[in-house]
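1. sequence isn't available, so here's the structure alone:
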């Protein structure tokens with residue numbers, strides 16, 4: 001019998017810089033989140049360091065003196081990995097690697113590494129590889145040779161295993177190829193989504209770990225992965241939600257947003273995030289039990305703005321009310337977010353009220369009409385079939401009676417064509 005020994009976790013030190021932009025409590029919460037990210041990536045946090053400085057040091061980010069102190073701490077405590085809560089420039093990475101003689105990761109690199117380990121579909125893997133290569137390209141130095149396959153550990157997944165020592169020209173060629181592949185994937189997604197034009201679509205967005213997948217499962221009786229981990233969901237998933245007899249909408253889940261989300265990642269995940277851009281309704285899920293949920297709301301709103309989706313119909317859904325210790329937050333949310341709803345997706349609290357809100361929106365978006373069309377206007381009848389869901393057809397001596405359901409936008413288009421064809425009179 002062969003005994004399999006567990007691979008020991010890499011020991012990490014986490015470092016954040018406070019420049020006065022955030023309170024000490026907020027920075028500590030950022031460090032706690034970085035610890036969660038580190039744990040998700042498979043490393044163990046041994047120390048957390050908070051350095052106060054008016055602005056980042058151009059050579060060492062935290063200043064040379066503080067960096068030398070940390071170098072001693074690393075040596076004495078067998079630390080293999082140093083993770084910064086902010087992005088480092090190539091010069092800072094090079095200097096810190098030379099001083100620490102350890103792997104250096106910044107927040108973006110860590111998030112990209114987590115995404116690489118969670119990517120399952122061809123689309124997600126392509127998007128991640130593209131984002132990683134764009135991130136690595138300006139950081140290629142000989143100091144990265146420790147990221148070869150023989151070492152393993154976090155910071156080495158995906159293209160990091162094979163591309164670090166690759167010539168920049170080859171990497172640029174690979175980036176170009178990946179972009180072409182993503183264009184093909186995007187065109188395939190457009191073909192799939194074109195069949196959904198007769199349905200109202202809603203997309204779940206929110207800060208990572210806000211409970212989007214749990215809510216998706218609750219609404220649509222699905223069994224999507226819903227873990228208490230950051231970035232449990234990467235690929236968008238769409239399910240049908242029945243609000244009333246004959247009244248259905250399509251609901252999509254998306255990757256969770258997070259503060260300081262790497263720009264390359266947002267750009268690379270454009271095709272996945274198209275479900276946000278194409279949605280009629282944005283369901284913004286917020287963890288009301290998190291002390292800093294207002295900051296999380298801003299992060300999501302800023303990301304929606306980056307996707308040009310900030311003006312869409314949006315419902316703010318405050319989730320995890322069952323985890324709330326300070327009940328005064330309920331009054332705060334009610335007063336400051338009057339159009340919102342407070343729920344527990346886990347326990348099913350207030351889910352029926354959420355469905356009623358969606359049903360009211362559905363009835364605003366979709367209308368039912370009944371019209372009589374002369375038999376000779378066959379092109380008009382064909383057009384109604386294309387632009388609507390025909391519920392019933394009855395044939396009379398001189399006319400065809402059609403009952404149809406369609407979106408308010410398509411109905412206005414149908415009415416315009418009917419007037420042009422003199423089936424209806426101009427009002």
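-> That came through, no problem. Fair warning: this is a prediction, and the values are worked out from it, not measured in the lab.
2. any stretches of this protein with poor pLDDT?
-> Within the chain, the stretches with pLDDT under 70 are 1-7, 140-167, 189-198, 224-235, 267-272, 425-427.
3. show me the domain layout of it.
-> 10-105, 111-183, 197-349, 367-420 (automatic domain parsing).
4. what about the first one, start to end distance?
-> Right, domain 10-105. Domain 10-105 has an end-to-end distance of 13 Å (C-alpha to C-alpha, to the nearest Å).
5. that domain: how far from the chain's middle?
-> Taking C-alpha atoms, centre = their mean, to the nearest Å, one finds domain 10-105 lying 26 Å from the centre of the chain it belongs to.
6. and what of the third one?
-> Chain-centre distance of domain 197-349: 9 Å, with C-alpha atoms, centre = their mean.
7. let's have the domains of the chain in TSV, adding distance to residue 355 and mean neighbour count.
-> All C-beta spots, glycine's among them, are computed from the backbone N, C-alpha and C. Shown next, in TSV, are the domains of the chain (distance: least, C-beta to C-beta, whole Å; neighbours: other C-beta atoms under 10 Å):
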stretch	distance to residue 355	mean neighbour count
domain 10-105	32	17
domain 111-183	30	17
domain 197-349	6	18
domain 367-420	19	14
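8. redo those domains as a markdown table? Include distance to residue 357.
-> As requested, the domains of the chain are exported to a markdown table (distance: least, C-beta to C-beta, whole Å):
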| stretch | distance to residue 357 |
| --- | --- |
| domain 10-105 | 31 |
| domain 111-183 | 31 |
| domain 197-349 | 6 |
| domain 367-420 | 18 |
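9. of those domains, which approaches residue 359 most closely?
-> domain 197-349 (4.3 Å; C-beta to C-beta).
10. so residue 286 sits in a strand?
-> Yes. Counting by DSSP: H, G, I helix; E, B strand; the rest coil, residue 286 is located in a strand.
11. shouldn't it be in contact with residue 316?
-> Yes. Using C-beta atoms under 8 Å, residue 286 is in contact with residue 316, at 6.2 Å.
12. show me where the stretch 101-250 of the chain has its strands.
-> 103-105, 200-206, 237-244, 247-253 (DSSP state E, counting those that start in this stretch).
13. using TSV, lay out those together with distance to residue 75.
-> Shown next, in TSV, are those (distance: least, C-beta to C-beta, whole Å):
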stretch	distance to residue 75
strand 103-105	15
strand 200-206	41
strand 237-244	46
strand 247-253	45
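14. for residue 115, find the nearest of these.
-> Closest among the strands of the stretch 101-250 of the chain, using C-beta to C-beta: strand 103-105, at 13.5 Å.
15. show me what that closest one is packed against.
-> With contacts taken as 3 or more C-beta pairs under 8 Å, 6 or more residues apart in numbering; DSSP states H and E, strand 103-105 sits against strand 81-84, helix 90-100.
16. partners of it in the sheet?
-> Sheet pairing here is set by DSSP bridges, and for strand 103-105 it gives strand 81-84 (parallel).
17. got the contact list for the strand it pairs with?
-> Contact with strand 81-84 is made by 10-17, 34, 38, 43, 61, 70, 74, 96, 100, 102-107, 110, 153-155, as judged by C-beta atoms under 8 Å, 6 or more residues apart in numbering.
18. do stretch 300-313 as well
-> Outside stretch 300-313, the residues that reach it (C-beta under 8 Å, 6+ apart) are 205-207, 257, 261, 266, 273, 276-277, 279-282, 284, 286, 361.
19. check those residues and tell me the two furthest apart.
-> Maximum distance among these (C-beta to C-beta): 28.3 Å, for 261 and 361.
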